[in-house]
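[1] give me the fold of what follows.
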Amino acid sequence: MVMTGSMENYTKGSLLLIDDKPLNYAMSNVYEIGATWPKAYDRVVVAKNGPYVIACLRAEGEDRQWWYMPHDEYALLVEGELRVEYVEPRDELTPGPHRNVAGTEMGHMVLRDGSLASLPARVAYRMRAPKKSLVLLQTKHSPWLTYAWEDICIKEE
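    Numbers count the residues shown, from 1 in each chain. The predicted structure follows:
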């Protein structure tokens with residue numbers, strides 16, 4: 001049965017395992033994270049495959065950080081509306097968040113439910129959401145990600 005959800009109305013799923021431990025699997029509900037995670041724009045990892053991860057974040061208001069990464073990233077808007085602004089930095093930046101970025105404005109994209117945005121390598125970006133929105137971010141492991149397996153995984157006793 002196909003079930004859809006939202007941050008206002010979701011059902012937490014479960015997993016039937018045979019001869020294995022549930023915490024070997026990252027089972028989470030992205031709608032629950034969007035609805036209940038205490039900090040907007042906190043990148044909570046919900047899936048991992050080698051160095052690649054899928055992080056879930058609740059976008060609300062303006063992210064005060066500009067993000068700059070040496071690799072491409074992708075943002076999928078699951079619910080809501082999101083504006084992504086781009087800047088080509090004047091100088092080479094260290095990877096991660098930055099308070100300000102000097103450079104050439106490259107425009108913006110407005111995403112709505114189901115939209116996908118490319119976040120190109122070596123281009124700074126910042127997100128703004130006029131209302132509570134839910135984003136999945138495909139990226140690589142970094143120190144700016146929150147790994148909260150114990151909080152988001154279903155635990156079988």
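[2] going forward, measure contacts and count neighbours with C-alpha atoms only.
    Will do.
[3] stretch 134-141: how far from the chain's middle?
    On the basis of Cα atoms, centre = their mean, to the nearest Å, stretch 134-141 sits 4 Å off its chain's mean C-alpha point.
[4] so for it, what's the average pLDDT?
    Taken as a whole, stretch 134-141 has an average pLDDT of 96.
[5] how about stretch 5-22?
    Mean predicted confidence for stretch 5-22 is 63.
[6] please tell me how far H98 sits from L116.
    23 Å (Cα to Cα, to the nearest Å).
[7] cool, and E73?
    E73 sits 11 Å away from L116, going by Cα to Cα.
[8] ok, these two, which is more surrounded?
    L116 (18 against 15; other Cα atoms under 10 Å).
[9] isn't R126 up against Q65?
    Yes. At 6.5 Å, R126 counts as touching Q65 under the criterion of Cα atoms under 8 Å.
[10] compare these two (neighbour count), which wins?
    Neighbour count, other Cα under 10 Å: between R126 and Q65, R126 has more, with 20 against 17.
[11] all strands of the chain, in order?
    43-49, 52-62, 66-68, 73-79, 81-89, 96-98, 103-112, 116-119, 124-140, 145-146 (DSSP state E).
[12] now do the shortest one: everything it contacts.
    Just to be clear, that refers to strand 145-146. With contacts defined as Cα atoms under 8 Å, 6 or more residues apart in numbering, strand 145-146 is touched by D42, R43, V44, V45, A55.
[13] how about the last one, what does it touch?
    Pointing back at A55 there. So A55 contacts R43, V44, V45, V46, A47, L136, L137, Q138, T139, L145 (Cα under 8 Å, 6+ apart).
[14] so what pairs up with the second one in the strands?
    With DSSP bridges as the criterion, V44 is bridged to C56, T146.
[15] low-confidence ranges, the chain, go.
    1-4, 10-28, 152-157 (pLDDT under 70).
[16] show me which helix runs longest in the chain.
    helix 30-36 (DSSP state H).
[17] quick one: buried residues of it?
    For helix 30-36, a neighbour-count test (16 or more other Cα atoms under 10 Å) marks V30, Y31, E32, I33, G34, A35 as buried.
[18] got those residues as CSV, with distance to E79 columns?
    Rendered in CSV, the data for the buried residues of helix 30-36 read as follows (distance: Cα to Cα, whole Å):
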residue, distance to E79
V30, 11
Y31, 9
E32, 13
I33, 13
G34, 10
A35, 11
